[in-house]
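Trainee: Could you look at this predicted model? Sequence included:
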Amino acid sequence: MTSNGFKSKSSPPQLTPLINCKRQAYLHWEDYFMATAVLSAQRSKDPVTQVGAVIVNEDNRIVAIGYNGFPSRCEDDEFPWYKASEIEDLLEEDQQLDPMNDKKMFVVHAEANAILNKNCANLKGTRIFTTLFPCNECAKLIVQSGITKVYYISDKYAEKPIYRASRLMFARAGIECIPYVPRQKKIVIDFERILNEDAANLNLSQEMANVKL
Ligand SMILES: Nc1ccn([C@H]2C[C@H](O)[C@@H](COP(=O)(O)O)O2)c(=O)n1
Ligand SMILES: [Zn+2]
C-alpha cells in the first residue's frame, strides 16, 4: 500500500517454463493460407480445373475466400461445364458450334469470387493466395482492390496472351508475383484418423474410470 492509500503497481508475475513443449509440426502461416486455397478449390464443380483463392490482411487474418463456379442462382446442372471446342466432335454435320455452349461465358473465377466475398471494408495492402495464376480479368480486379502480393502454385497457362497481360499489369502496378514454395510438402486431412483417435481416447478414459471404481 502506498502513503496515499492506493495499491502500488506491482510488476506482472514472471513465467519460467521448465521445458519448451511447444508443438514443432505446426503449419506455418503461408502453408496454412495456400492449403486453405487448395481446400476451397475442392468445392469447384469444374471437371478440368479447380481453382481456390484466399485473401489475407496484414494481421494474417483471412478476409476473403473463393473458388471457381457459376454465379449464385445459376444452377450447376443447367449451365455447361465444358468448352465449346471440346464438344466439336459431338456435333452433327449440319450443326454449328454455339459460343454460348462454353463454361467461360458463365464461370466466376476463384479470385473474383474471393474479392466479391470479402468480409472487410477494402483489400488495401492484402495478399492473395491462389492455386492458379490470375487471368487478365482477375488481374484487373486485384490491381484495383489494392492487393499487393500474389502467391500462386500453378502457372500452366503462362504462355497464353491473357496471362501475359496479367503479368504486364501486375508489373506496372508494382504487384509482386511469388511462385509458391511450400515448407510442408504434404498436408493430409484424415477424418478417419481423428475419429479413431477420439474413439480410442474415449475408450481409454472409460477403462480408467472402471479401474478407479
Ligand atoms: N486464375 C484462374 C484461371 C481460371 N479459373 C477458372 C475458370 C475455369 O472454370 C477454369 C479453367 O478451365 P480450363 O480452361 O483449364 O478448362 O478455372 C480461375 O478460377 N482462376
Ligand atoms: Zn480470372
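Mentor: That came through fine. Ligands and ions are numbered 1, 2, ... in the order given.
Trainee: for Lys83, what are its contacts?
Mentor: For Lys83, the contact set (C-beta atoms under 8 Å, 6 or more residues apart in numbering) comprises 102-104. For glycine as for every other residue, the C-beta is placed from the backbone atoms N, C-alpha and C.
Trainee: Also within reach of ligand 1: list those from these.
Mentor: Taking C-beta under 6 Å from any ligand atom as the test, ligand 1 is in contact with Lys103 out of these.
Trainee: Show me the shaky parts of this structure.
Mentor: In the predicted model of the chain, residues 1-8, 212-213 satisfy pLDDT under 70.
Trainee: for ligand 2, what are the nearby residues on it?
Mentor: If contact is defined as C-beta under 5 Å from the ion, the residues of the chain in contact with ligand 2 are 109, 135, 138.
Trainee: biggest helix in the chain, by residue count?
Mentor: In terms of residue count, the longest helix belonging to the chain (DSSP state H) is helix 191-212.
Trainee: Kindly export that one (C-alpha atoms) in CSV.
Mentor: Extracted C-alpha coordinates of helix 191-212, given in CSV (Å, rounded to 0.1, in the frame of the first residue of the first chain):
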residue,chain,number,x,y,z
PHE,A,191,-11.1,-37.5,-40.8
GLU,A,192,-10.9,-41.2,-40.2
ARG,A,193,-7.8,-40.9,-38.0
ILE,A,194,-9.3,-38.1,-36.0
LEU,A,195,-12.5,-40.0,-35.4
ASN,A,196,-10.5,-43.2,-34.5
GLU,A,197,-8.3,-41.2,-32.1
ASP,A,198,-11.3,-39.7,-30.4
ALA,A,199,-12.9,-43.2,-30.0
ALA,A,200,-9.6,-44.6,-28.6
ASN,A,201,-9.4,-41.7,-26.1
LEU,A,202,-13.0,-42.3,-25.1
ASN,A,203,-12.3,-46.0,-24.5
LEU,A,204,-9.2,-45.2,-22.5
SER,A,205,-11.0,-42.8,-20.2
GLN,A,206,-13.8,-45.3,-19.7
GLU,A,207,-11.3,-48.0,-18.9
MET,A,208,-9.6,-45.7,-16.4
ALA,A,209,-12.9,-44.8,-14.8
ASN,A,210,-13.7,-48.5,-14.4
VAL,A,211,-10.3,-49.2,-12.8
LYS,A,212,-10.9,-46.4,-10.2
